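>>> I would like to see how this sequence folds:
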Amino acid sequence: MQKTLLTACLAVLCFTGIQAQSSGALSRFTFGPEIGSGLALQTCCSDMWGFYTLGANSEYRFTRYWSAEAALRYINMEGEISGYSYGGTGYDFGGFHQVRNFALTVGPRFNLPMRKGREFSISGKAGLMLNRIRQDITNNSRPYQTRTYSGHLLPTFELGGRLTRWLTDRVAVESFLTYFANTDDGVTRKLKSEEGLPFPAPVNDEFPGNFIRRLNDRPGELAMINIGLGIRVRL
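Numbering: from 1, shown residues only. Okay, here's the model as predicted:
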């Protein structure tokens with residue numbers, strides 16, 4: 001359902017952009033869809049993959065050089081949870097950490113016009129991210145338990161640069177490089193649901209309690225270097 005909603009939103013943006021090609025005075029507003037990928041890190045996980053972002057970027061131009069910018073992004077990321085085992089018990093826990101987040105950031109943007117319709121810009125933005133986490137736990141590499149946590153908002157910030165190439169007065173293509181991170185609030189995540197087999201009774205003070213504490217008490221700090229492409233339409 002989420003992918004269908006994202007696809008529908010991007011289709012509406014593109015349709016609106018096509019409609020914006022009609023003759024008339026140019027406004028100070030621009031917007032457009034974008035897609036990105038790159039490097040993502042989270043303290044909970046030893047390895048990350050499947051990282052990409054989908055979103056839309058909008059801008060209001062105050063002067064030739066200064067504007068306000070807003071970005072709405074869907075962040076997809078997966079990673080491997082550090083395993084934990086105790087000899088002779090038959091349990092060798094591991095798992096996968098999945099992030100499906102939405103982030104909204106707003107901030108100022110400085111634009112530097114260049115030759116042949118090119119423009120370089122730098123922006124710094126801050127906002128909020130809806131942190132949503134799911135963990136698929138395995139035992140000896142077999143499915144064992146699925147844990148879903150309640151979503152919560154985290155403050156975020158980002159710093160990025162864009163190179164824009166205006167093809168016409170209204171339409172441009174652009175590439176971007178962005179550093180994005182959220183603050184680590186240090187608050188224990190609230191477990192929303194737990195499906196599958198229960199964890200075994202404690203074997204000693206460390207197992208499996210230590211593994212469970214790792215799952216619950218590590219909200220982590222998400223950081224990513226996002227490289228991508230987008231389309232910008234002036235309304």
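>>> centroid residue for the protein?
residue 75 (2.6 Å; C-alpha atoms, centre = their mean).
>>> list the contacts of that residue.
51, 53, 99, 100, 101, 102, 103, 129, 222, 224 (C-beta atoms under 8 Å, 6 or more residues apart in numbering). (C-beta placed from N, C-alpha, C; glycine too.)
>>> now residue 53
34, 35, 36, 37, 73, 74, 75, 76, 224, 226, 228.
>>> on that earlier part again, filter the contacts of residue 75 to the buried ones?
Buried subset of the contacts of residue 75 (neighbour count, 16 or more other C-beta atoms under 10 Å): 51, 53, 99, 100, 101, 102, 103, 129, 222, 224.
>>> who does the second one bridge with?
Judged by DSSP bridges, the bridge partners of residue 53 are residue 36, residue 75.
>>> sheet partners, orientation included, of the helix or strand where residue 232 lies?
In the assignment (DSSP states H and E), residue 232 maps to strand 223-234. Here strand 223-234 has these sheet partners by DSSP bridges: strand 29-41 (antiparallel), strand 171-182 (antiparallel).
>>> could I get the ones you listed as TSV with distance to residue 193 and mean pLDDT?
Below are these laid out as TSV (distance: least, C-beta to C-beta, whole Å; pLDDT from 0 to 100):
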stretch	distance to residue 193	mean pLDDT
strand 29-41	25	94
strand 171-182	23	96
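>>> residue 142 is nearest to which of those strands?
strand 29-41 (27.0 Å; C-beta to C-beta).
>>> buried set for the closest one?
Buried, per 16+ other C-beta under 10 Å, within strand 29-41: 30, 31, 32, 33, 34, 36, 38, 40, 41.
>>> going by secondary structure, residue 213 is in what exactly?
helix 209-216.
>>> again, but for residue 202
Residue-wise, residue 202 maps onto no helix or strand under DSSP H and E.
>>> returning to what we had before: pLDDT and distance to residue 169 added to the buried ones among the contacts of residue 75, as TSV?
Shown next, in TSV, are those (pLDDT from 0 to 100; distance: C-beta to C-beta, whole Å):
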residue	pLDDT	distance to residue 169
51	91	35
53	96	28
99	90	39
100	92	38
101	94	36
102	96	32
103	97	31
129	94	35
222	85	38
224	92	34
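>>> what about those, which are in strands?
51, 53, 99, 100, 101, 102, 103, 129, 224 (DSSP state E).
>>> now those as a markdown table including distance to residue 82?
Listed next are those as a markdown table, based on distance: C-beta to C-beta, whole Å:
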| residue | distance to residue 82 |
| --- | --- |
| 51 | 19 |
| 53 | 25 |
| 99 | 16 |
| 100 | 21 |
| 101 | 21 |
| 102 | 27 |
| 103 | 26 |
| 129 | 24 |
| 224 | 20 |
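>>> so residue 137 sits against residue 196, correct?
Yes - contact criterion C-beta atoms under 8 Å: residue 137 and residue 196 qualify, at 7.4 Å.
>>> and residue 26, how far is that from residue 192?
As for residue 26, its distance to residue 192 is 47 Å (criterion: C-beta to C-beta, to the nearest Å).
>>> ditto for residue 136
For residue 136 relative to residue 192 (C-beta to C-beta), the value is 15 Å.
>>> more neighbours: which of these two?
When neighbours are counted by other C-beta atoms under 10 Å, residue 136 and residue 192 differ, and residue 136 comes out ahead with 18 against 13.
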